[in-house]
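> predicted model follows, preceded by the sequence.
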Amino acid sequence: MLHHFLMKGTVKIKLHDPGFKSGFVTIVGRTNVGKSTLLNNMLGQKLTIMSDKPQTTRHKIQCVLTGADYQAVFIDTPGIHKPKHKLGEHMVGTALNALREVDVVLLLVEAAMPGPGDHYMLEQLKKVTGPVLLAINKIDLIKPDELMPIIAAFQKTGNFADIVPVSALTGENVQHLRQVIINYLPEGPQYYPDDMVVDRPERFIMAELIREKVLHLTSQEVPHSVAVVVDEVEQRSQELVAVRAVIYTERESQKGILIGKGGRMLKEVGKQARQELEALLGSRIFLELWVKVKKDWRNRDIDMRNFGLLEE
């Protein structure tokens, strides 16, 4: 099981040695720009879900990277977008609130000329007092001679402490970006033990990995109406863990898509999710999935709270 996960409310701050650097780093950007992919790459393991669907990340997630002389606490936020329901409003509010009281802000943009969404983010960043770094992502999709005009265009729009072009997908320049971030951290204490990596319980990570497979496998009609709740985790033996989870959606038609003809879609979701969970937990997994309808849950505070999408 995931004994290295950090549960909220258990933080113990260790006094720091001279020269030890630590701090909180917020990663912000528009939806589908690659924030979670970049964070997983910097951490060297998969802790946040990834998808080519917009608005994949719904929560503010803190991931911890500890080295011999530093500790960086990365805050992965939902993408900035125009909300269409209460859940979207909550997601955007969470992302903007994460700009407050952090040591470093990392703005992630795509390798293209600044657009309206970028200008909105840049306006929000004018309120930030600490260093703001710019990472230009997806450089693997452009020609080398296209990069410098893009960098120059962003230099005119904001006062960035540093600009680093990267490819979160291929890993190009990601380790350099990580070192740049560490360089801007102030001296400070080690907030979390060496083996702590994320501030969410294991059931949350399990549910997110299952939701990721739904995003990958279903059509545009389904993904954002889906919530996953892990109801039960049972250690049946030293080698086997049983997991029972419910996939909630908003309409009967979406339930039919998720189950698929003869149950084939749900079986494929379960197969791919089980492989991820086994890699994460280091145990064999017996995964049982159910699909239920909860109408219009994205506009109901009580449902979003029950699904862990709103704080108590």
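Arrived safely, thanks for sending.
> show me where the protein has its helices.
For the chain, the helices defined by DSSP state H occupy 35-43, 86-97, 116-125, 144-157, 174-183, 202-217, 252-259, 264-281, 301-306.
> now, of the ones you listed, which is deepest in the fold?
Greatest average neighbour count among the helices of the chain goes to helix 35-43 (a mean of 23), per mean count of other C-beta atoms under 10 Å. For glycine as for every other residue, the C-beta is placed from the backbone atoms N, C-alpha and C.
> distance of N137 from L217?
25 Å (C-beta to C-beta, to the nearest Å).
> was I right about P114 contacting Q155?
No: P114 is beyond contact range of Q155, at 10.5 Å (criterion: C-beta atoms under 8 Å).
> anything in contact with each of the two?
By C-beta atoms under 8 Å, 6 or more residues apart in numbering, P114 and Q155 have no common neighbours.
> low pLDDT regions in the stretch 51-200 of the chain?
51-61, 77-101, 199-200 (pLDDT under 70).
> mind redoing it with 80?
Counting by pLDDT under 80, the stretch 51-200 of the chain has low-confidence residues at 51-62, 76-102, 117, 120-121, 124, 127, 158, 195-200.
> also the stretch 201-312 of the chain?
Along the stretch 201-312 of the chain, segments meeting pLDDT under 80 span 201-202, 204-205, 218-225, 279-282, 296-312.
> and with 70 instead?
201, 219-224, 300-312.
> so this protein: which segments form each domain?
21-183, 202-306 (automatic domain parsing).
> turn these into JSON lines, columns for distance to M196.
Putting these into JSON lines (distance: least, C-beta to C-beta, whole Å) gives the following:
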{"stretch": "domain 21-183", "distance to M196": "5"}
{"stretch": "domain 202-306", "distance to M196": "13"}
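> these: which one's closest to Y191?
domain 21-183 (6.2 Å; C-beta to C-beta).
> how far away from the center of its chain is that closest one?
Computed by C-alpha atoms, centre = their mean, to the nearest Å, the chain-centroid distance of domain 21-183 equals 11 Å.
> repeat for stretch 257-270
In terms of C-alpha atoms, centre = their mean, the centre of stretch 257-270 is found 26 Å from the chain centre.
> done for today, thanks.
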